[in-house]
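>>> here's a sequence, model it:
(2 chains)
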Amino acid sequence: SQTIHQWPATLVQPVGSPLSLECTVEGTSNPNLYWYRQAAGRGLQLLFYSVGIGQISSEVPQNLSASRPQDRQFILSSKKLLLSDSGFYLCAWAGTGGQTQYFGPGTRLLVL
Amino acid sequence: QKEVEQNSGPLSVPEGAIASLNCTYSDRGSQSFFWYRQYSGKSPELIMFIYSNGDKEDGRFTAQLNKASQYVSLLIRDSQPSDSATYLCAVNLYGGSQGNLIFGKGTKLSVKP
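As a prediction, the model looks like this:
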């Protein structure tokens, strides 16, 4: 069966510090991978998606970036965090050609 | 702008009743539709998906799709306190391998014992 991991689970960072969140998927090959952010009182916002190694599409221009160095690894980064980057970051995967997305446990980020 | 609308609630129903959650979407070409449940502080988990007009049943859950009216609903029969959560409706605009979903903001359901 497939499993998706995210870490860290929670993170408190000062404004201006860098960020690296990691997501890995087990039990599947060549998944589509997604990064979402869920801010308080707002819906899920798609940030990036990837259909393969090194292939990243950005949905929202901002100070975040994503990379996919391996087939089942997806990383979300920032060089300098803003207060507005606080939120619940969710990684999701879907099978190749599939539409159903499955979410990881999430990382709760608080920028102070 | 492509949108998915849900009543934010909270929707309060007594234990054992039927809970009805509704969702409307703006893009008539939308292909597939998903319901996720999200407990407070947790990530969304998939409940059901539906692609064709009509009803789809899975246990206590029934998804209903009406593409002509551009709405999709989720019925929860015999509601339990453990069903108390926020329910997210999601719509796939393209139906293809990109699988990009547009999410509503969710409806908070409270089931009272």
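
>>> low-scoring pLDDT stretches of chain A, where are they?
Residues of chain A meeting the criterion pLDDT under 70: A:61, A:97-98.

>>> spell out which parts of it neighbour chain B.
Proximity of chain A to chain B (C-beta under 8 Å from any C-beta of the partner chain) is limited to residues A:32, A:42-44, A:46, A:49, A:51, A:59, A:88, A:90, A:94, A:96-106. Yep, even glycine has a C-beta here, placed from its N, CA and C like the rest.

>>> buried subset of the residues you listed, written for ChimeraX?
Only the buried entries of those go into this ChimeraX selection, using 16 or more other C-beta atoms under 10 Å in any protein chain shown:
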select /A:32,43,44,46,49,51,88,90,94,99,100,101,102,103,104,106
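
>>> mind checking pLDDT for residue B:60?
Looking at residue B:60, its pLDDT stands at 97.

>>> correct me, but it touches residue B:74?
No. The pair residue B:60 / residue B:74 is not scored as a contact, 10.6 Å apart, by C-beta atoms under 8 Å.

>>> neighbour-wise, which of these two wins?
residue B:74 (23 against 14; other C-beta atoms under 10 Å in any protein chain shown).

>>> so which bits of chain B are right by chain A?
Residues of chain B lying near chain A (C-beta under 8 Å from any C-beta): B:31-32, B:34, B:36, B:42-46, B:49, B:88, B:90, B:92, B:95, B:97-101, B:103-106.

>>> now which of the residues you listed would you call buried?
Buried, going by 16+ other C-beta under 10 Å: B:32, B:34, B:36, B:43-44, B:49, B:88, B:90, B:92, B:98-101, B:103-106, out of those.

>>> find the centremost residue of chain A, please.
The C-alpha lying nearest the average C-alpha coordinate of chain A belongs to residue A:35 (C-alpha atoms, centre = their mean; 3.2 Å).

>>> so what are the sheet partners of the one helix or strand that one maps to and their directions?
Using DSSP states H and E, residue A:35 falls within strand A:32-38. The sheet places strand A:32-38 alongside strand A:44-52 (antiparallel), strand A:87-94 (antiparallel), with pairing taken from DSSP bridges.
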